[in-house]
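Asks: sequence isn't available, so here's the structure alone:
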């Protein structure tokens with residue numbers, strides 16, 4: 001009986017390993033913020049390539065200095081070998097009069113993990129350009145979310161849990177912070193956590209203020225007014241009479257979003273230090289507390305005067321999407 005039981009256990013283990021190995025994929029290659037475009041040379045050098053660059057390699061709209069939204073590289077279908085198939089972000093064009101099902105398809109983890117793949121099939125170049133124009137917002141959003149998900153995945157793997165506990169103790173919910181982030185300051189309505197290195201700072205503020213209870217809570221003027229008051233009181237500069245505030249150029253913008261059932265107002269702009277010359281991009285998420293009495297704000301900023309800021313901001317912005325209420329909290333819809 002023992003021999004039979006052992007045989008059964010070994011067989012079950014082998015079957016289990018077989019199932020796991022059938023699903024195993026290699027890890028993705030390529031740097032964060034890169035997209036590989038699979039396209040024939042004539043199309044890349046023509047209208048389709050131009051439209052792709054205008055969509056994905058345009059200047060980041062929230063930066064003062066010019067930086068592309070994504071870094072693009074291209075390869076032909078004939079050169080699309082296994083080495084390239086494991087890239088993190090791939091857009092593959094199939095432009096052929098014999099295309100049976102024109103359209104845009106969004107796929108995950110086809111050749112590697114965690115991978116984002118977009119297939120665009122069209123009978124000719126003109127139709128491919130039209131698809132890019134019609135689906136541009138969704139294409140960018142899909143790649144953006146894939147980049148965020150990778151950051152959140154690594155954050156949860158290397159999380160500093162004590163920081164989440166500290167934030168939760170004040171607000172009844174928290175973000176998740178990866179290794180490198182450290183506590184800077186807290187009050188009963190404000191906490192400052194940052195990853196500070198020699199030449200870069202990635203910081204996050206979480207704060208709250210009483211809600212008005214109507215759509216004015218999420219107007220750009222109200223959000224910025226409370227932001228400036230909070231930073232003036234809590235984030236001093238290096239010298240006397242200096243403090244962090246919000247720059248007027250570029251003009252801050254607000255967009256209403258929903259992510260995993262949670263609605264919030266996303267504000268983008270540029271921070272600066274009053275009476276000093278420091279500055280950089282910021283992005284914040286504003287939403288109601290579960291009881292509706294407060295507006296809670298998670299505000300992420302970057303200071304990297306020696307480097308491009310695109311990826312630094314993307315990393316810290318991704319942390320904002322990790323917010324979770326604790327089990328005792330609920331969710332109140334914002335009004336816009």
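Replies: Right, received. Where do you want to start? Model, not experiment: these values are computed from the prediction.

Asks: any idea how far apart the tips of stretch 235-250 sit?
Replies: Stretch 235-250 has its terminal residues 21 Å apart, counting by CA to CA, to the nearest Å.

Asks: any regions of the stretch 151-300 of the chain where pLDDT drops low?
Replies: Under the criterion pLDDT under 70, no range of the stretch 151-300 of the chain is flagged.

Asks: where exactly do the strands run in it?
Replies: 173-174, 182-186, 190-196, 201-210, 243-246, 253-259, 262-274, 279-288, 294-303 (DSSP state E, counting those that start in this stretch).

Asks: quick one: closest of these to residue 138.
Replies: Of all the strands of the stretch 151-300 of the chain, strand 253-259 sits nearest to residue 138, with 13.9 Å by CB to CB. (Glycine included, C-beta is placed from N, CA and C.)

Asks: re earlier: nearest to residue 38, out of the strands of the stretch 151-300 of the chain?
Replies: Closest among these, using CB to CB: strand 253-259, at 29.2 Å.

Asks: picking that back up, distance to residue 137 and mean neighbour count for the strands of the stretch 151-300 of the chain - can I get that in JSON lines?
Replies: Formatted as JSON lines, the strands of the stretch 151-300 of the chain follow (distance: least, CB to CB, whole Å; neighbours: other CB atoms under 10 Å):
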{"stretch": "strand 173-174", "distance to residue 137": "29", "mean neighbour count": "22"}
{"stretch": "strand 182-186", "distance to residue 137": "36", "mean neighbour count": "14"}
{"stretch": "strand 190-196", "distance to residue 137": "31", "mean neighbour count": "19"}
{"stretch": "strand 201-210", "distance to residue 137": "27", "mean neighbour count": "21"}
{"stretch": "strand 243-246", "distance to residue 137": "26", "mean neighbour count": "19"}
{"stretch": "strand 253-259", "distance to residue 137": "11", "mean neighbour count": "13"}
{"stretch": "strand 262-274", "distance to residue 137": "14", "mean neighbour count": "20"}
{"stretch": "strand 279-288", "distance to residue 137": "18", "mean neighbour count": "23"}
{"stretch": "strand 294-303", "distance to residue 137": "22", "mean neighbour count": "23"}
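
Asks: need those strands in JSON lines (columns: distance to residue 234).
Replies: Output for these, formatted as JSON lines (distance: least, CB to CB, whole Å):
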{"stretch": "strand 173-174", "distance to residue 234": "18"}
{"stretch": "strand 182-186", "distance to residue 234": "7"}
{"stretch": "strand 190-196", "distance to residue 234": "5"}
{"stretch": "strand 201-210", "distance to residue 234": "8"}
{"stretch": "strand 243-246", "distance to residue 234": "9"}
{"stretch": "strand 253-259", "distance to residue 234": "22"}
{"stretch": "strand 262-274", "distance to residue 234": "13"}
{"stretch": "strand 279-288", "distance to residue 234": "15"}
{"stretch": "strand 294-303", "distance to residue 234": "11"}
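
Asks: quick one: closest of those strands to residue 153.
Replies: It's strand 253-259; of the strands of the stretch 151-300 of the chain, that one is closest to residue 153 (CB to CB) at 15.4 Å.

Asks: that older thread, out of the strands of the stretch 151-300 of the chain, flag the one nearest residue 148.
Replies: strand 253-259 (9.2 Å).

Asks: from the contact counts, what lies against the top helix by length along the chain?
Replies: Secondary structure of the chain per DSSP state H: the longest helix is helix 125-157. Applying 3 or more CB pairs under 8 Å, 6 or more residues apart in numbering; DSSP states H and E, one finds that helix 125-157 contacts helix 47-56, strand 89-95, strand 103-108, strand 116-122, helix 310-320.

Asks: if we use 10 Å, what do you get?
Replies: strand 34-38, helix 41-44, helix 47-56, strand 89-95, strand 103-108, strand 116-122, strand 253-259, helix 310-320 (3 or more CB pairs under 10 Å, 6 or more residues apart in numbering; DSSP states H and E).

Asks: now do that helix against helix 47-56, angle only.
Replies: 40 degrees (axes from the mean of the first three to the mean of the last three CA atoms, to 10 degrees).

Asks: give the buried residues for helix 125-157.
Replies: Within helix 125-157, the residues scored as buried using 16 or more other CB atoms under 10 Å are 125, 127-129, 131-132, 135, 139, 142-144, 146-148, 150-152, 155.

Asks: same check on stretch 40-57?
Replies: 40, 43, 44, 48, 49, 51, 52, 55, 56.

Asks: averaged pLDDT, it. What do you get?
Replies: In this model, stretch 40-57 has an average pLDDT of 97.

Asks: measure it end to end?
Replies: 18 Å.

Asks: now for residue 102: which residues touch it?
Replies: Counting by CB atoms under 10 Å, 6 or more residues apart in numbering, residue 102 makes contact with 94, 95, 120, 121, 122, 123, 124, 127, 128, 130, 131.

Asks: please repeat the previous calculation with a cut-off of 6 Å.
Replies: 121, 122 (CB atoms under 6 Å, 6 or more residues apart in numbering).
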